[in-house]
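> Here is the input, now give the coordinates:
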Amino acid sequence: MVESVSEQRGMNLLVAFLNLTIAFSFGVSSLPVFYPVLARSYGWNHASVAAGGSIVLLLIGIASPLIGWLVDRYSAKSVLLAGMCTVALGLALLSLTHDLGQYYLFCAVLGLGTCAVSILPNSILIASGFSRRRGIAVGIINAGIGLGGFIAPILASSQISARGVPKTFLLLSLCIAIPFLLTLVAVRSPGAQTRRGDSSGHLASSTNVPGAGSLLRMPMFWIFGISLFLAAHAMIAVQQHLVLYLVGQGFNARSSALALSTVLGASAIGKILSGAVADRFSARFMMLLSILCVGLGIAALETFVDRANAVFLCAIVFGLGYGGIFNAPALIVFEHFGTYRVGRVLGILIVFFGLGSATGGLLAGYIYDRSHGYSLPFGVDLGFACLALLLMLIGGRQTRLTPVTTAV
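Have a look, this model is predicted:
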């Protein structure tokens, strides 16, 4: 029985990793590579093309409470399977894009599907199996986002050159079959283990999980939430516009895509390292280090953009922080409230992350179209990162709460 539980825990970890590598990342991380081609082909401005990505990210945020409720009501496996079908549909529909209205509608379909295969259901899928080193486990599966983020821009860029935009979207859609089949076959729906206890025999309980009203009255919720909003706004704005920014600075399309891949690849390492930091210290300390890396990365990117090698070093620093912020919502919730029936709580916290993600790229594009440069929008993003760091520092007392040890 112990061996069976251990094997299933390892399988769930592998499946969640691949879900985030392919099902989540191929839509989100490849989309910015399409921006220059779409802008050129249809005469859309930067704000218009970036708005598609913002719609995806907005829906990942605002639909998270619903996804969390569905996970609590049904199972992470069921939600993931439905989400992968929707992601594949969204990518296939994007191959038919001819005008902005279609583009935004198809991005909305992609966003709903992506929310259902995001860090929320995948984190809950594996969380009850790890009473110790849970931060590293969450970091490992979230590293799939970094790996997928490294692969997707390179894959999309090469396929756009060889096959064109429609066939590239269709290819990405077909790739979703891989995690779908693995999830369908390899993951067992939660049973008594999830409802009664974890693999270590600890009793699971929902008594530590607050309702929505109680959660909204907690200062720690607002401090973490607003800090997540500010940090996500800053880092996603840079990530969404990095290719456009570097192309404007004289980098070719492949080098620009490689820089984006470097950011997302480094984020894979950042996710694992930040998970280890959260296990050793706390989710709050992990957030502080991650926000610091994001801010340093933005500042260095603007300073050293004329030096090709330095740009990739800046991308690595930025990516390490980027990865840590992705870990933060799940680790905060698991540390403070346990892992049993916390889907709705995690979903509400992810709203802040989603709103920051959605507004970052959109605002940066809006400012660029009026200032005709990225110095001002990236300066605003650096300011947001600094505000997030300051809020975490001054809110230290409210966010240093006793971790939950009985609900796993």
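> Centroid-nearest residue for the chain?
Taking CA atoms, centre = their mean as the criterion, Phe326 is the residue nearest the geometric centre of the chain, at 5.1 Å.
> Make sure it is actually in contact with Leu120.
No. Using CB atoms under 8 Å, Phe326 makes no contact with Leu120, being 11.6 Å away. Yep, even glycine has a C-beta here, placed from its N, CA and C like the rest.
> now Ser48, nearest residue through space, not along the chain?
What sits nearest to Ser48 in space, not counting adjacent residues and going by CB to CB, 6 or more residues apart in numbering, is Leu100, at 6.1 Å.
> quick one: the one you found and Leu393, what's the gap?
42 Å (CB to CB, to the nearest Å).
> swap in Ala266?
Relative to Leu393, and taking CB to CB, Ala266 is found at 25 Å.
> out of the two, which sits in the more crowded spot?
Ala266 (26 against 11; other CB atoms under 10 Å).
> pLDDT score for Val333?
pLDDT for Val333: 88.
> actually Ser189, not the one I wrote
On the pLDDT scale, Ser189 is placed at 57.
> Pretty sure Ser95 sits against Leu171.
No. Using CB under 8 Å, Ser95 makes no contact with Leu171, being 9.3 Å away.
> Lowest mean pLDDT among the helices and strands, pick that one out for this protein.
When the helices and strands of the chain are compared on mean pLDDT, DSSP states H and E, helix 192-196 comes out lowest with a mean of 40.
> Okay, buried residues for whichever helix or strand comes after it please.
Downstream of helix 192-196, the first helix or strand assigned by DSSP states H and E is helix 212-216. Buried residues in helix 212-216, defined by neighbour count with 16 or more other CB atoms under 10 Å: Leu215.
> CA atoms of helix 212-216 as PDB?
Output of helix 212-216 as PDB, limited to C-alpha atoms (Å, rounded to 0.1, in the frame of the first residue of the first chain):
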ATOM      1  CA  ALA A 212     -14.700  34.000   1.400                       C
ATOM      2  CA  GLY A 213     -15.900  36.600   4.000                       C
ATOM      3  CA  SER A 214     -13.400  35.600   6.600                       C
ATOM      4  CA  LEU A 215     -10.600  35.500   4.100                       C
ATOM      5  CA  LEU A 216     -11.400  39.100   2.900                       C
END
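> Quick one: mean pLDDT for that helix?
For helix 212-216, mean pLDDT is 78.
> And for stretch 242-256?
So the average pLDDT for stretch 242-256 ends up being 80.
> neighbouring contacts of it?
Here stretch 242-256 makes contact (CB atoms under 8 Å, 6 or more residues apart in numbering) with 32-33, 35-36, 46, 50, 153, 157, 257, 259-260, 263, 305-306, 308, 311, 315, 368, 374, 378.
> Could you pick out the buried ones from the residues you listed?
32-33, 35-36, 46, 50, 153, 157, 257, 259-260, 263, 305, 311, 315, 368, 374, 378.
> can you pull the pLDDT of Asn208?
63.
> Which of the buried ones among the contacts of stretch 242-256 fall within strands?
Among the buried ones among the contacts of stretch 242-256, no member is found in strands (DSSP state E).
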